[in-house]
Every structure is written in C-alpha cells, then in structure tokens.
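A.B. asks: Provided below are the primary sequence and the corresponding predicted coordinates.
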Amino acid sequence: MSEPALREDAAASRVMWIYMLTGIAIFALMALLGLTMRMGQAKWIALDPTMFYAIMTLHGAGMITAMALCGMGGLWYLMNRERALSTLVAYWAYALMVAGVVAVLLSVFPGKFGAGWTFLYPLPFVGAAWPSWATGLFLLGIALVNIGWIVWCTQMFGCVVAKYGGIRGALAWDLVFHPKQFAASGRHEPPPQAFAALVAAVDGLLAGAAGMLVGIALIVHWLSPSIPLDPLWAKNLTYFFGHTFANLTIYMAIALVYVGLPRYANREWHTSQVLAVAWWGTLLFVAFAYFHHLYMDFVQPRPVQYIGEVVSYLAAFPPAVVTVFGGALLIFRSQLRWTMGSMFMFAGMAGWIVGGFGAVIDATIDINSTLHNTLWVPAHFHTYLLEGVVLFVLGWIFHQLEERSSAQSSPLMRWLVALGVFGGGAIFLLAFYVAGADGVPRRYATQPPPGPEISAWASIGIIILLIGFLICLVEAVRLARLRRAVAP
C-alpha cells in the first residue's frame, strides 16, 4: 500500500478499535452487573429491590449499546474499505453515544432509575422510587444514544447508495432479475457485508425515528405531566425502536464473519442471487418482528398480531437458511485453519441459531401466552447476544490480532477458552431456559421456587464464563504486544 493509503487505513482502524474497545469495556461492566443480579436472586448476597431494578435497567440498556458500538465500529471499518468515510462523522456519532451512556449511568448511579431499559409509559412516572431528575436524565441519555445511532446510520446509508449506484444497485436488483445484462455490463455486485450495512442503515433510521418520536413525547410529558400520552401508541414505538435496535446488533456483527471466516477457509463468500433476496427479506422482516412483544395487549388490532407471528417466523429463514448454511458450505472440506478467530466465528453462528430458535418458539401466539413473562425471553436474547454477537466480535478481534502478529494461540489456550466461554455460557443460558419453561417470572428481584436454586446455577455459569473471558483478554494482550514487537 502507498503511504497515503497506509495512513488512511490506520485512521480507519483507530475508529474501529475505539468503537470496539469501548463496547467491550461496557460489556464487561454489564456482565458484572448481571452476575450481581443473579447472585441477588440466588440469595448469595443481599440486594435491595430498588437497586436490583436500577441495575436491571442499566444492564439492559448498556448491554445492547455495547454490542451496537462493537458492530458499528466493525461495519464502519469494512465499508470504509469500499468507499472512504469521514472519520469526523464517525467520532461525532461515537461521542454522542458515549455521552448518552454516561447520562444513563448517572441516572442509575446515584439516581436509581429502575423502570427497565424499555422505559414503557407510564412506568417511569407512576409511583417512582427515584427522583424526577433521574427519569429526565435517563430519557436524555437514551435520546443521545439514539442521535449518535442516527448519525452513524445516515453516514452508512450514504456510503452504500453512493458506492453501488443508488438503492437499486445496493439491493443488487439487476443481479437478481437481469443476471445476463448485469454480467454483460461489467458492474460488480455489492459484497455480502454491504447488505448488512444497508439493512442496518435503513431499518436503523426507521427505528431511530420512532425512538426520537416517543423519546421527545416522554421528555415533554416529564417536563409537563399534564400532557398525556396514549400507552399503546407509546409501547408500539418503544418496541419498534428497542427491538429493532437490538436485532440489528447481530446483523451488523455478521458482516465481520462474511469477511473474516473466508480467510481461514481460503475461500470467498460470494454475493449470490439467493443471498441478495435473503437480505431483502431481512430488511422487511426486522421492521415488523417487534409485534410479537404485544400479543398480550388485547387492544392491539388482531390482524397486527397475526402479522407479528408470521413475520417472526419468516425472519428466521434468511439467517438460518442462507447465512449459517452458507457458512457451513464455505468451510466444508476447506481444511479450515482453527484459531481463536475462526473458533469464535463458527461458534457464534451456532449460538445465533439456538437463540433464534428460542425466539421463534416465544413468537408462537399460543406458547407466548405462557412463556413471554418468564425467563424464557431473556434466555433467547442472551443467547444470540452472548453466544452470537459477542463471539462474532471476539472472532474479528482475534482475526485482526492474528493477522497483524502472524501468530496463533496454542491448542491448549483454545481449549481453556472454549471450556470457559462456551461451557460457562451453556450453563448460564440453560438456567434461563429451564427456569422459563418452569414458569419462573422475569424481572423479579425475589423469585419464587425454583428460581433461587436455578439462579445459583446461573451464577456459577457466569463465573466460569467470566474466567473464560479473562483468559481471552490475557491472550489478546499477548498477541497485541507481539504485534508491536515485530512491527517495523
């Protein structure tokens, strides 16, 4: 690479690492808070209910924001290699999101805001055990995170449509419907990661707009309580924003696998007609899947409930049938090089499928009426976040460290990490599923039996998991220092 190109890549790499390392740091803090909650439910420690709900609120908002930051940094770096992006805009988006995280932290410590990360109206304002300023600061923090997200999505959308010739080109429309003419034109189809960028940008902007609308309305109500809001309207907008934002974290992170995993298999992940159509489906389905969170709202129009069930089922097909199956075909008979990077990426696809299957079960109306207010719900989203998004991000981080240091981790190190991260994670997550199937309610500081016993089991799993992550950290630092040692 030329000198200017090297400088540009170094600047883009700094953006990626700042986003990712910040996300990992927030994730680590949220994991410790999660352990605190589980230990409180297990009665290992005395945890005041007011503090439990405040921690639960911070844990939910912080964990999703952490995963979003990791995905945003990685996808920004990948798309910057397709078309140069402004680092100043990326830093502005980052600064706004970090400012929002700080505001949310202050609303919980010392404010003790505990209405849940979904902040459903009118919960933040009725019978609150926290001061009014904490409510306002939390809403302002979420708004800042959302503004930063909107800035990032706008930049990403501009990048995709400018690089590939508008929406039609970004969707690979001509590749799907006019393949011969497309091949004759000499144009190149968007790479797989570009579809992730497009979906994150378009659905992200829609979700961000909904979040800003309900967020401003809630702030107005906080300033002037005499102005009422319609609870069903507020809930629809809140879940459209929150559910879509949470879902997009994994679609951003899968872009890292599209680029990283083929390098271990010495193959390419090509854009095909099937892949393009699958991402069209994802673009549509992600926007409507949130309806399955409102099945119990009897005033919701009945047709919308059925749309929610159908879309929730359809949303599972693009990742399961196309991306994960495509990944399996990619590595089949490829003599895949097993390293920390490839191990995490491969395991993350398995975690995505397991979590997605749990979500589809809950999205079934008859089953939802029994499972939705139990620990089954945090079971499935912890699975695809912890054993999906986190593993994709760790896979990419180790991929970068392995490439730059020209070194790999020993088989013993990989086994230690696997036992900690995968073994501890399995124990932790299985506790959620078993408790949910047994009817243990979610969002309870004090659980009915067998909740405390299962929470103790989950706490042991988290401790093992954190040990595995600590080993990962030690190995990552070793590889990073090795890179500095061999750098010219």
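C.D. replies: Perfect, thanks for sending it.

A.B. asks: Ser107 and Gly114 touch, don't they?
C.D. replies: No. Counting by C-beta atoms under 8 Å, Ser107 does not reach Gly114; the two are 9.6 Å apart. In this view, the C-beta of every residue, glycine as well, is placed from N, C-alpha and C.

A.B. asks: model confidence score at the residue nearest to Leu69 when sequence neighbours are not counted, please.
C.D. replies: In space, and not counting its chain neighbours, Leu69 is closest to Gly23: 3.5 Å by C-beta to C-beta, 6 or more residues apart in numbering. On pLDDT, Gly23 comes in at 98.

A.B. asks: can you give me the helices in the stretch 101-250 of the chain?
C.D. replies: For the stretch 101-250 of the chain, the helices defined by DSSP state H, counting those that start in this stretch cover 132-164, 166-170, 173-177, 179-185, 192-223, 231-265.

A.B. asks: same check on the stretch 351-488 of the chain?
C.D. replies: Secondary structure of the stretch 351-488 of the chain by DSSP H, counting those that start in this stretch: the helices cover 365-371, 376-384, 390-405, 411-417, 424-437, 451-486.

A.B. asks: so which of these gets nearest Ala172?
C.D. replies: Closest to Ala172 of the helices of the stretch 351-488 of the chain is helix 390-405 (C-beta to C-beta; 23.1 Å).

A.B. asks: buried residues in the closest one?
C.D. replies: If you call a residue buried by 16 or more other C-beta atoms under 10 Å, then helix 390-405 has these buried ones: 390-402, 404-405.

A.B. asks: and the residue in the chain sticking out farthest from the centre, how far is that from Trp173?
C.D. replies: Computed with C-alpha atoms, centre = their mean, the maximum C-alpha offset from the centroid of the chain is found at Ala184, amounting to 38.9 Å. Applying C-beta to C-beta, to the nearest Å, the value for Ala184 to Trp173 is 16 Å.

A.B. asks: Val311 now?
C.D. replies: 22 Å.

A.B. asks: can you check Leu223 too?
C.D. replies: From Leu223 across to Trp173, the span is 46 Å (C-beta to C-beta).

A.B. asks: equivalent analysis for Ala435, please.
C.D. replies: Ala435 is 46 Å from Trp173, by C-beta to C-beta.

A.B. asks: and the two? Which one has more around it.
C.D. replies: Counted by other C-beta atoms under 10 Å, Ala435 and Trp173 do not tie: Ala435 has more neighbours, with 26 against 16.

A.B. asks: need the contact list for the more buried one.
C.D. replies: Contact partners of Ala435, counting by C-beta atoms under 8 Å, 6 or more residues apart in numbering, are 374-375, 379, 450-451, 454-455.

A.B. asks: just give me the longest helix of this structure.
C.D. replies: If you go by DSSP state H, the chain has its longest helix at helix 3-41.

A.B. asks: okay, angle between that one and helix 424-437 too, please.
C.D. replies: Taking axes from the mean of the first three to the mean of the last three C-alpha atoms, to 10 degrees, one finds helix 3-41 and helix 424-437 inclined to each other by 50 degrees.
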